[in-house]
Every structure is written in C-alpha cells, then in structure tokens.
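**Student:** Attaching a predicted model along with its sequence, questions to come.
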Amino acid sequence: QVTLVESGGGLVQAGGSLRLSCAASERPFSDYAMGWFRQAPGKEREFVSAVTGSGSLTYYADSVNDRFTISRDNAKNTVYLQMNSLKPEDTAVYYCAGGLRLRGGSWYVPDYGDWGQGTQVTVSS
C-alpha cells in the first residue's frame, strides 16, 4: 500500500489561488494514474481531476475545468493541483488518490487504490 501525504490547503479569498501537493511513498509512481477528489460538508465525495501515469493526459470535472490544473513530477513522486479563480463552492476537504481507474467515462478509486488523509480548502466570499 502506498502512503499519500497532501499539503497546501488553507484559507483563501474568492478569486485567489492555492496549490495542493501530494507526495507518494513508493515507486514506481509513474505506473499509476493519480488524481484528486473533494468532499464538502453534507455532500458525497466527488471527482475533481486525474492525470495518467506519464502525465500526458489530464481530466477535469466540469466544475473546475479551465480553473484547476493537475500535474505530476514522477522524479519526485509528487502530484500537484493548481487551483486558480477559487470560488466559495470549492470549499471542501481535498483528497489525493492513487491507482485511479477509468470506467464508463468516470474515474474511480478501486479497493486496492490509495487515499491521502485530506487537506482542507476554505474559500471565503
């Protein structure tokens, strides 16, 4: 099992930016699709973004497309989520996930996948 450790969350005003990082404990990191999910209070966890193992393909939820950018540095075993033009509705706990799979046009984390502990992002209006 891979340990994922997120960092970079915090409090920001609407329109601001944050960069989340997720460091993985093991190699070969580049074998696995990585991604981010988020969960707001009282809501189900939802997909935000994913990146393939090589980093060549990226995917985004419609709600964050054109505002968020996912990237990865396989030499550092780290995946990033650059969040710009943040809105109050982006407030949630953000979770890094490893071993994502794509099925029927939706990304999910299988039972053998990995989750980080989550990092809080709060956007004030």
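**Tutor:** Good, I have the coordinates.
**Student:** Tell me which residue is most central in the protein.
**Tutor:** Compute the mean C-alpha point of the chain, and by C-alpha atoms, centre = their mean the closest residue is residue 36, 2.0 Å away.
**Student:** Assign the nearest residue to that one once chain neighbours are set aside to helix, strand or coil.
**Tutor:** Taking C-beta to C-beta, 6 or more residues apart in numbering as the measure, residue 36 lies nearest to residue 48, with 4.3 Å between them; neighbours along the chain are not counted. For every residue, glycine as well, the C-beta is placed using N, CA and C. With DSSP: H, G, I helix; E, B strand; the rest coil as the basis, the three-state label of residue 48 is strand.
**Student:** Can you give me the pLDDT of residue 48?
**Tutor:** Each residue has a pLDDT score; the one for residue 48 is 98.
**Student:** coming back round to it: look up how far residue 125 lies from the residue nearest to the centre of the chain.
**Tutor:** 23 Å (C-beta to C-beta, to the nearest Å).
**Student:** How about residue 15?
**Tutor:** Relative to residue 125, and taking C-beta to C-beta, residue 15 is found at 10 Å.
**Student:** One more: residue 32?
**Tutor:** In this view, residue 32 and residue 125 are 37 Å apart by C-beta to C-beta.
**Student:** Those two: which is more packed in?
**Tutor:** residue 32 (21 against 9; other C-beta atoms under 10 Å).
**Student:** so who does that one touch?
**Tutor:** For residue 32, the contacting residues are 2, 53, 98-100, by C-beta atoms under 8 Å, 6 or more residues apart in numbering.
**Student:** swap in residue 47?
**Tutor:** Residue 47 sits in contact with 35, 37, 61, 106-108, where contact means C-beta under 8 Å, 6+ apart.
**Student:** Among these, which pair sits farthest apart?
**Tutor:** Comparing every pair within those by C-beta to C-beta identifies 61 and 108 as the most remote, at 13.1 Å.
**Student:** doesn't residue 80 fall inside a strand?
**Tutor:** Yes. Counting by three-state DSSP, residue 80 is located in a strand.
**Student:** so where's the chain shaky on pLDDT?
**Tutor:** Applying pLDDT under 70 to the chain flags the ranges 27.
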